[in-house]
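1. here are the coordinates; sequence isn't available:
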Ligand code: GUN
């Protein structure tokens, strides 16, 4: 494998975690209250349980307290709103994360909008997303933030480059498109209704896939020497973790690529840790 081409998200995330650990150690040394993240999980969605476990482990490793509140998926919207309201008013809690997706009977937008902006560690509330669009970056959603950090670390030029994003979610596609536009890239956002997808992806200097389908992006969809960012977290037919990109066949063609695991995933978690600390500091003042 051509290691020089691999964007090592695990390594970059460790650099970030070292900084976070140092900051938490300072807080502990000053005998101040330790930062606290509360995660709300509804039901027992397989992927969500894995993500939550990883988030909790990451918090504990850097010295942040993380508690997970798990509710049955029969919980009503009103009950969930009441729980979030209580967390909003609890001065001991710095950051609230409601793991998505939620059950069908719950309106996710309504639930997200209940989270106080000052505790919105995902950056999914309207004010934060509006600020992002305008180029004011106090706190950014974890995955787009993590991807931008990878571009910075590897000095990947965005200015004037054509970035093609596959996926228009509020979590990844839309915020990332705005960040890239603000960084002077030319951005195309593709989605499930896009016609002639390959014609567009083949124009990408930077291709970002956030689709959620194993081996969705094949070598024939990629321009020679492109940079490929794989946001997908899927399981293949052998139940192995894999991304959206047919990695083995795409690798010879690209300039750089993120692997799965070890690419974007660890960066999302590192960004979450940074966001918890950011909220801790604004809530302390
Ligand atoms: N589900 C998939 N990704 C995320 C994320 O970044 N945050 C939350 N809350 N739910 C998710």
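-> It's in. All values reported here derive from a predicted model rather than from experimental measurement.

2. which bits of the stretch 101-250 of the chain sit near the ligand?
-> In this structure, the stretch 101-250 of the chain approaches the ligand at residues 122, 142-143, 171, judged by CB under 6 Å from any ligand atom. Quick note: C-beta positions are derived from backbone N, CA and C, even for glycine.

3. by neighbours, which of these wins?
-> The residue in these with the most neighbours, by other CB atoms under 10 Å, is residue 142 (27 neighbours).

4. now do the contacts for that residue.
-> Neighbour list for residue 142: 122-123, 268-269, 271-272, 275 [criterion: CB atoms under 8 Å, 6 or more residues apart in numbering].

5. ranking by neighbours, what's the top pick from those residues?
-> The contacts of residue 142, ranked by neighbours (other CB under 10 Å): first place residue 272, 28 neighbours.

6. which element, helix or strand, includes that residue?
-> helix 264-284 (DSSP states H and E).

7. quick one, what contacts the closest residue to the ligand within the stretch 51-200 of the chain?
-> Closest to the ligand within the stretch 51-200 of the chain is residue 100: 3.7 Å, counting by CB to the nearest ligand atom. For residue 100, the contacting residues are 48, 108, 171, taking CB under 8 Å, 6+ apart as the criterion.

8. which SSE is the nearest residue to residue 267 once chain neighbours are set aside in?
-> Distance criterion CB to CB, 6 or more residues apart in numbering; nearest residue to residue 267, sequence neighbours excluded, is residue 146 at 2.9 Å. When secondary structure is defined using DSSP H and E, the element that contains residue 146 is helix 142-153.

9. what are the pairing partners of the helix or strand following that helix, and which direction each?
-> On the C-terminal side of helix 142-153, the closest following helix or strand by DSSP H and E is strand 162-166. Sheet pairing here is set by DSSP bridges, and for strand 162-166 it gives strand 186-190 (parallel), strand 206-209 (parallel).

10. so which bits of the first one are buried?
-> For strand 186-190, a neighbour-count test (16 or more other CB atoms under 10 Å) marks 187-190 as buried.

11. can I get those in TSV with pLDDT and distance to residue 115?
-> Putting the buried residues of strand 186-190 into TSV (pLDDT from 0 to 100; distance: CB to CB, whole Å) gives the following:
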residue	pLDDT	distance to residue 115
187	99	28
188	98	31
189	98	26
190	98	30
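
12. which one of the residues you listed is nearest to residue 57?
-> Relative to residue 57, the closest of the buried residues of strand 186-190 is residue 189; by CB to CB it sits at 32.9 Å.
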